[in-house]
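Asks: Just the structure for this:
(one chain, ligands or ions: 1)
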Amino acid sequence: MTSNYIAPGQQRYSRACMVCSIIMLQSRFKTEGCPNCPFLDLKGSTDNIEACTSGVFEGVTVIADPKVSWIAKWQRLDEYVAGVYAMKVSGSLPEELKSQLIEEGHPLYPRDANPSGSADHYEDLDDEPAYVRTTAKQPLSRAERRAAERVGNRGARKT
Ligand SMILES: [Zn+2]
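Replies: Residues are numbered from 1 along each chain as shown. As a prediction, this is how the structure comes out:
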């Protein structure tokens, strides 16, 4: 059985699923798809990975046993596989896909505190690299918060 854990040094190549918030290497999403969300068809599809996962996430949390972890319950991850999860994932699924998933009965929980954020807002911003928070304990600095808001607003205007 392969482990779902990732080393801290690998986080820059990692993305978080916007549906279940699991964090994995982009290459792993490509070869295996999301272990919790097979319906997203991420396996083998860079397009789907770009649309359904985000390189911008905060509060990396290890969930060793989703069934007993209170964090998992709080984050509504208790049905998911053990692994590394983000407390917050920036970006949102394409509207079309979102309504399709809801129609098919997949539970969707907001993983992004800024629901107006656009999934691809970081791709066209050269001056603001994606940042990764490695602990949930440190709050965002004021500058980071401003950057996040700026990006969110820009994304909202675009859509
Ligand atoms: Zn997922």
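Asks: what's the neighbour count on the nearest residue to residue 35 once chain neighbours are set aside?
Replies: Using C-beta to C-beta, 6 or more residues apart in numbering and skipping residues adjacent in sequence, the residue nearest residue 35 is residue 81, 4.7 Å away. C-beta: built from backbone N, CA, C; applies to glycine. For residue 81, the number of neighbouring residues by other C-beta atoms under 10 Å comes to 14.
Asks: For residue 81, give me its contacts.
Replies: Residues in contact with residue 81 (C-beta atoms under 8 Å, 6 or more residues apart in numbering) are 4, 22, 35-36, 66.
Asks: Now residue 23: which helix or strand?
Replies: For residue 23, the host element (DSSP states H and E) is strand 23-25.
Asks: Wasn't residue 84 part of a helix?
Replies: No - the assignment for residue 84 is strand, going by DSSP: H, G, I helix; E, B strand; the rest coil, so no helix is present there.
Asks: Isn't it up against residue 62?
Replies: Yes - using C-beta atoms under 8 Å, residue 84 makes contact with residue 62 at a distance of 5.5 Å.
Asks: more neighbours, the two?
Replies: Taking neighbours as other C-beta under 10 Å, residue 84 and residue 62 compare with residue 84 leading, 19 against 14.
Asks: Okay, that one and the ion: tell me how far apart.
Replies: For residue 84, the distance to the ion equals 12 Å [C-beta to the ion, to the nearest Å].
Asks: Identify the residue nearest that residue in space, chain neighbours excluded?
Replies: Here the residue nearest residue 84, using C-beta to C-beta, 6+ apart, is residue 23, at 4.6 Å.
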